[in-house]
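Visitor: coordinates only, sequence not included:
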């Protein structure tokens, strides 16, 4: 098998000062993520996984389970309290949290795409949709206007955004279209890794289906590895080959998606799966 | 050079000189300084004035211009203030005779020399202020050369108007790193910053920043590889280059004047215009007549 795109090892994020007892006093067994000794909140603890090229990893869990924290830490929006992550690009392996700010940003601009639940976080509503895609290309160092224009057109057309409307601002678009523009923006530099944080939450079912289809097509065509964070079992079932189930900041179960959904081992997962029916 | 001269106290002078030196050492970097209270309101050239007062000595010959003109109110008042408080300093309107030029919104047409210093008054020192409101984040962006959002602005202009519409304060990359706001000089003047003989010091009084373009330093206006930067062409409806109504120059930055006789154009740099006309006897009466 190919070398993993991303290897996460023991990722931990504690909000607050933290103490020696934070990890032992929190988690599913203690039924809290607030440390009883010092009051710090353990948003995520000891998350490890490997993501291979072209693979889609699902991260499932209820609100507050730490799934968005995981994505934010990987994307560099939040610093981890402990742990490491190795990102392979071409022949080089980068330890994400050992890079300095500029290296980190440059790697992120070129090699990672992020799609937020709320388009307002991922798109600049003051500039056109084409301009939003252009921003990513410009960040990655492209300086030819005609090339940027063509590439933005192709990406938006690929995401089924009518290109005659590409010079309109995202505010003029429906929620589903905004989300597709956001995905086009995230894909602008052909990143080997795409992070999708609740991308279909809040959209109506038919729009959800189209976006999920597009994501699957993309994965088949480009071989982009993806991490899909969601609380929606349907999304996990459709997209993810492997899944992590998180609760109170810990991974309580991981494995093949089919196996987890058909034969959940952890009581929390069982509850989650039965609740969905 | 003595610090006991003119209007500013010793501490202020030393500080501003230190900041100016640092600004020259890191081309394009905005150096914060403790902008002093001046007897004119902030926003009326206090930044440029403090730089001038910190650098000027009794043997200096000073020229002050506002939008290219030596006679406009701002220029006259600043010049009067400096000559009143700095004994020995003489003033001139002739660019080639000046050792220091303080200016608002123009760089003289006449090429400046290595013996001259140009001080610019700056209202908004940070090129990124149009895309990012937090100064803390802007400083990080400058450090990481994160200028993509400025280029997005150019992209948007090209899409909407097929032309980059920034008329002044054109973002310009200095020495391959920092992108400065070159103060509200027109595009016409931006190429003069590039590999210049003279040094340019920018003072922002209200925003408390000093930055500089040293001599022989690259100054590249932001643009796309296939859509190069261009200056104003001053062509009329028929594609003909407009001329100065006074001196006939067709290679200067022109002001558009709306008067009783309709719209006319004249050199914005009045000294350049006057010197040209002085060399052409047949035009000599036209202006003062």
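Guide: Cool, the structure landed. Just so we're clear, the structure is a prediction, and the values are computed from it rather than from any experiment. Numbers count the residues shown, from 1 in each chain, chains lettered A, B, ... in the order given.

Visitor: switch to C-alpha atoms for all contacts and neighbour counts from now on
Guide: Fine.

Visitor: do a quick rundown of the helices in the stretch 1-150 of chain A.
Guide: A:22-25, A:67-75, A:101-111, A:119-122, A:129-139, A:145-158 (DSSP state H, counting those that start in this stretch).

Visitor: and residue A:226, what does it touch?
Guide: With contacts defined as Cα atoms under 8 Å, 6 or more residues apart in numbering or on different chains, the neighbours of residue A:226 are A:54-57, A:193-196.

Visitor: just the element for it, please.
Guide: strand A:225-230 (DSSP states H and E).

Visitor: just after that strand, pick out the following helix or strand.
Guide: Counting by DSSP H and E, the element that comes right after strand A:225-230 along the chain is helix A:233-239.

Visitor: please name every helix or strand in contact with that next one.
Guide: strand A:56-60, helix A:205-222, helix A:257-262 (3 or more Cα pairs under 8 Å, 6 or more residues apart in numbering or on different chains; DSSP states H and E).

Visitor: any idea of the mean pLDDT in it?
Guide: The predicted model assigns helix A:233-239 a mean pLDDT of 90.

Visitor: same thing with stretch B:201-219?
Guide: 97.

Visitor: how about the residues of the stretch 151-277 of chain A that lie near chain B?
Guide: Those residues of the stretch 151-277 of chain A that sit near chain B, judged by Cα under 8 Å from any Cα of the partner chain, are residue A:167.

Visitor: so the residue in the stretch 151-277 of chain A that chain B sits nearest to, which of the three states?
Guide: Using Cα to the nearest Cα, the closest approach of the stretch 151-277 of chain A to chain B is made by residue A:167 at 7.3 Å. Judged by DSSP: H, G, I helix; E, B strand; the rest coil, the three-state class of residue A:167 is coil.

Visitor: mind listing what it touches?
Guide: Residue A:167 sits in contact with A:128-131, B:159-160, where contact means Cα under 8 Å, 6+ apart.

Visitor: if we go to 6 Å?
Guide: A:128, A:130 (Cα atoms under 6 Å, 6 or more residues apart in numbering or on different chains).

Visitor: ok, the one 3 residues further on next?
Guide: Residues in contact with residue A:170, defined by Cα under 6 Å, 6+ apart, are A:125, A:129, A:178.

Visitor: in a markdown table, list these along with pLDDT and neighbour count.
Guide: Formatted as a markdown table, these follow (pLDDT from 0 to 100; neighbours: other Cα atoms under 10 Å in any protein chain shown):
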| residue | pLDDT | neighbour count |
| --- | --- | --- |
| A:125 | 94 | 18 |
| A:129 | 95 | 31 |
| A:178 | 93 | 23 |
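
Visitor: pull the number of nearby residues for the spatially closest residue to residue A:248 that is not a sequence neighbour.
Guide: Leaving aside its sequence neighbours, residue A:248 sits nearest to residue A:65 (Cα to Cα, 6 or more residues apart in numbering or on different chains; 4.5 Å). Using other Cα atoms under 10 Å in any protein chain shown, residue A:65 has 24 neighbouring residues.

Visitor: list the contacts for residue A:65?
Guide: Counted by Cα under 6 Å, 6+ apart, residue A:65 has contacts A:246-249.

Visitor: most neighbours, which of those?
Guide: residue A:249 (29 neighbours).

Visitor: surely that residue and residue A:46 touch.
Guide: No. Counting by Cα atoms under 6 Å, residue A:249 stays clear of residue A:46, with 8.5 Å between them.

Visitor: tally of neighbours for residue A:103?
Guide: Counted with other Cα under 10 Å, residue A:103 comes out at 14.

Visitor: quick check: residue B:237 vs residue A:202, distance?
Guide: With distances taken as Cα to Cα, to the nearest Å, residue B:237 is found 54 Å from residue A:202.

Visitor: now swap in residue A:213 and tell me
Guide: On the measure of Cα to Cα, residue A:213 and residue A:202 end up 17 Å apart.

Visitor: mind listing the helices for the stretch 1-150 of chain B?
Guide: B:10-25, B:46-55, B:73-85, B:135-143, B:148-161.

Visitor: can you tell me which of the ones you listed comes nearest to chain A?
Guide: Closest of these to chain A is helix B:148-161, at 5.0 Å (criterion: Cα to the nearest Cα).

Visitor: report all helices and strands that the closest one contacts.
Guide: helix A:129-139 (3 or more Cα pairs under 6 Å, 6 or more residues apart in numbering or on different chains; DSSP states H and E).

Visitor: sorry, back to before: what's the angle from the strand holding residue A:226 to helix A:205-222?
Guide: 160 degrees (axes from the mean of the first three to the mean of the last three Cα atoms, to 10 degrees).

Visitor: buried residues, stretch B:66-74. List them.
Guide: B:66-70, B:74 (16 or more other Cα atoms under 10 Å in any protein chain shown).

Visitor: which two of those have the greatest separation?
Guide: B:68 and B:74 (11.5 Å; Cα to Cα).

Visitor: shared neighbours, the two?
Guide: Common neighbours of residue B:68 and residue B:74 (Cα under 6 Å, 6+ apart) do not exist.

Visitor: how many residues are close by residue 76?
Guide: Just so you know, I chose chain A. 16.

Visitor: not quite, go with chain B.
Guide: Neighbour number of residue B:76 under other Cα under 10 Å is 15.

Visitor: also residue B:238?
Guide: Neighbour number of residue B:238 under other Cα under 10 Å is 6.

Visitor: what of residue A:83?
Guide: If we define neighbours as other Cα under 10 Å, then residue A:83 has 16 of them.

Visitor: ok, it - contacts?
Guide: A:9-11.

Visitor: nearest to residue A:155, of the contacts of residue A:170?
Guide: Looking across those and measuring by Cα to Cα, the closest to residue A:155 is residue A:129, at 10.9 Å.

Visitor: sorry, back to before: make a markdown table out of the helices and strands packed on helix A:233-239 and add mean pLDDT and mean neighbour count.
Guide: What follows is the helices and strands packed on helix A:233-239, written out as a markdown table (pLDDT from 0 to 100; neighbours: other Cα under 10 Å):
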| stretch | mean pLDDT | mean neighbour count |
| --- | --- | --- |
| strand A:56-60 | 94 | 27 |
| helix A:205-222 | 88 | 15 |
| helix A:257-262 | 92 | 17 |
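
Visitor: can you list these in TSV and add distance to residue B:128?
Guide: Listed next are these as TSV, based on distance: least, Cα to Cα, whole Å:
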stretch	distance to residue B:128
strand A:56-60	37
helix A:205-222	35
helix A:257-262	46
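
Visitor: okay, residue A:277: pLDDT?
Guide: Taking residue A:277 on its own, its pLDDT is 57.

Visitor: leaving aside the residues next to it on the chain, what's closest to residue B:249?
Guide: residue B:243 (5.4 Å).

Visitor: low-confidence stretches in the chain?
Guide: In the absence of a named chain, this looks at chain A. When residues are selected by pLDDT under 70, those of chain A lie in A:1, A:277.

Visitor: try chain B instead
Guide: B:1, B:282-289.

Visitor: ok, which stretches of it are strands?
Guide: B:31-32, B:61-66, B:90-91, B:100-104, B:117-121, B:172-174, B:179-180, B:199-204, B:209-213, B:219-221, B:254-259, B:262-267 (DSSP state E).

Visitor: how far is the last one from where the chain is centred?
Guide: So that's strand B:262-267. Centroid separation for strand B:262-267 versus its chain: 23 Å, with Cα atoms, centre = their mean, to the nearest Å.
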